[in-house]
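**Q** Make a model of this:
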Amino acid sequence: MCRFISPFLRNILIIIVLLGLAEILLVVRIPFVNAADLINALAYSQWVIFRHWAMILLMLFSGQLLVGFCNKYLFLLFTEHLEKNIRYGVFGYILAQSATFTEDHSTGDILSRLLNDTPKIKGFITGVALQFFLTLWPLS
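**A** Numbering: from 1, shown residues only. Okay, here's the model as predicted:
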């Protein structure tokens, strides 16, 4: 699998992991906003304090939304490039075969395997990677 991951994809994968960690930090930070301060500010009409906490929550949620979007977009970009690299590798392998290979296998079968199996491989690789991180998350 490593030969299909170019330096560009490796850098995107590193950014995806860092954005995932940033998203986790933003989610973890939200419960530390003191709800009692927010309720007291509303009860006693202390609008300055209420606006202060509301802005903090708005910034945290906005940051989480932006980081989450970038993370999902880069993960999609990573998987599409990975699928393209796998297709190029398989196509290069097919071209390197002898003439008897093309006599034994029809062109439709070869193209069918090339087009239908690479998304399955991509799904397996990304599914295993996703499952790996989900499995490790409860351990931390």
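
**Q** C-alpha only now, for contacts and for neighbours.
**A** Noted.

**Q** Look up how far residue 115 lies from the most centrally placed residue in the chain.
**A** The centre of the chain sits closest to residue 75, judged by C-alpha atoms, centre = their mean, with a distance of 3.1 Å. Using C-alpha to C-alpha, to the nearest Å, residue 75 is found at 21 Å from residue 115.

**Q** Surely residue 75 touches residue 14?
**A** No - shown here, residue 75 and residue 14 do not form a contact pair, counting by C-alpha atoms under 8 Å, at 10.5 Å.

**Q** can you give me phi and psi for the residue sitting furthest away from the middle of the chain?
**A** For the chain, the largest distance from the centre (C-alpha atoms, centre = their mean) belongs to residue 44, which lies 44.3 Å off. With angles defined as degrees, to the nearest 10, residue 44 sits at phi -100, psi 10.

**Q** any idea of the pLDDT on it?
**A** Looking at residue 44, its pLDDT reads 76.
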